[in-house]
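Chemist: Quick one: sequence and predicted model below, then my questions.
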Amino acid sequence: MDEPMIDDPARDDLLILVDARDREIGSAKKLEAHLEGRLHRAFSVILWREGPDGVEVLLSRRALGKYHSGGLWANSCCSHPRIGETVLDAAARRTHEELGCGATGLVEIGTYCYRAAFDNGLVEYEYDHVLLGSFEGELAPDPSEVMDTRWVLADELTQELAQDPERFSAWAPGVLAMALAQLSRS
């Protein structure tokens, strides 16, 4: 199969390959891992704040130039840790890089393993660490990563996910449901 045209400066970054229990088994270039559908470590950050009408969750709309799921809504930030980097350190780094803001009290609330194939031949097969944290600072999204952001009330997000799942990335319903369940217990 010919390699799809991917405009991603991080396409040659090394991803941490893992087994079904998240044990490291090697590494692969980002594009290679996605072309071959290799299970790799990832994380999804969900930022929240107390708004005037209740708990609000920050959603990001993926930039159109992303190698898949461009234009779809997702959680606040998602990426892959670097080799030797903890998931929490990577999450804090990428939240700042993608959104220009900080996250306080980041805590892992669970993991979510999923596999999704895309029309361009790429496959996301991720052992996704789901992190929840409070929003801090001002938003200044990187336009190569994020084309839009919005705050949505937790109750409204539950309805949106049920009514319009096609507006969201493949992983968003699973990771956002975990975050909403956690926030409802708080």
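Modeler: Structure's in. What do you need?

Chemist: what's residue 136 in contact with, if anything?
Modeler: 101, 102, 103, 104 (CB atoms under 8 Å, 6 or more residues apart in numbering). In short, each C-beta sits where N, CA and C put it, glycine included.

Chemist: Give me the nearest residue to the first one, chain neighbours excluded.
Modeler: Taking CB to CB, 6 or more residues apart in numbering, and ignoring the residues beside it in sequence, residue 101 has residue 137 as its nearest neighbour in space, at 4.2 Å.

Chemist: what about the one you found, distance to residue 47?
Modeler: Using CB to CB, to the nearest Å, we find residue 137 at a distance of 10 Å from residue 47.

Chemist: Which strand residues bridge the residue most central in space within the chain?
Modeler: Note on the chain: the residue nearest the mean C-alpha position is residue 78, at 2.5 Å, using CA atoms, centre = their mean. Residue 78 has these beta-bridge partners by DSSP bridges: residue 44.

Chemist: pLDDT weak spots in this protein?
Modeler: Along the chain, segments meeting pLDDT under 70 span 1-12.

Chemist: re earlier: how about the residue nearest to the centre of the chain, what does it touch?
Modeler: So residue 78 contacts 42, 43, 44, 45, 94, 128, 171 (CB under 8 Å, 6+ apart).

Chemist: and if you look at residue 177?
Modeler: Counted by CB under 8 Å, 6+ apart, residue 177 has contacts residue 161.

Chemist: Could you tell me how many residues sit around residue 119?
Modeler: Per other CB atoms under 10 Å, the neighbour tally for residue 119 reads 7.

Chemist: so is it in a helix, a strand, or just coil?
Modeler: What DSSP: H, G, I helix; E, B strand; the rest coil gives for residue 119 is coil.

Chemist: So what does it look like in phi/psi?
Modeler: Main-chain dihedrals, residue 119, degrees, to the nearest 10: phi -60, psi -30.

Chemist: where's it relative to residue 89, distance?
Modeler: To residue 89, residue 119 is 34 Å away according to CB to CB.

Chemist: From one end of stretch 82-93 to the other, what's the distance?
Modeler: Length of stretch 82-93, first residue to last, CA to CA, to the nearest Å: 11 Å.

Chemist: now what about it, what contacts it?
Modeler: 13-14, 16, 27, 41, 43, 45, 77, 79-81, 102-103, 106, 108, 129, 131, 133.

Chemist: What segments of this protein are helices?
Modeler: 30-36, 87-99, 154-163, 172-185 (DSSP state H).

Chemist: can you list those helices in TSV and add distance to residue 114?
Modeler: What follows is the helices of the chain, written out as TSV (distance: least, CB to CB, whole Å):
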stretch	distance to residue 114
helix 30-36	13
helix 87-99	17
helix 154-163	15
helix 172-185	6
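
Chemist: Nearest approach to residue 60 belongs to which of these?
Modeler: Each of the helices of the chain has some distance to residue 60 by CB to CB; the shortest is helix 87-99, at 7.1 Å.

Chemist: That concludes my questions; thank you for your assistance.
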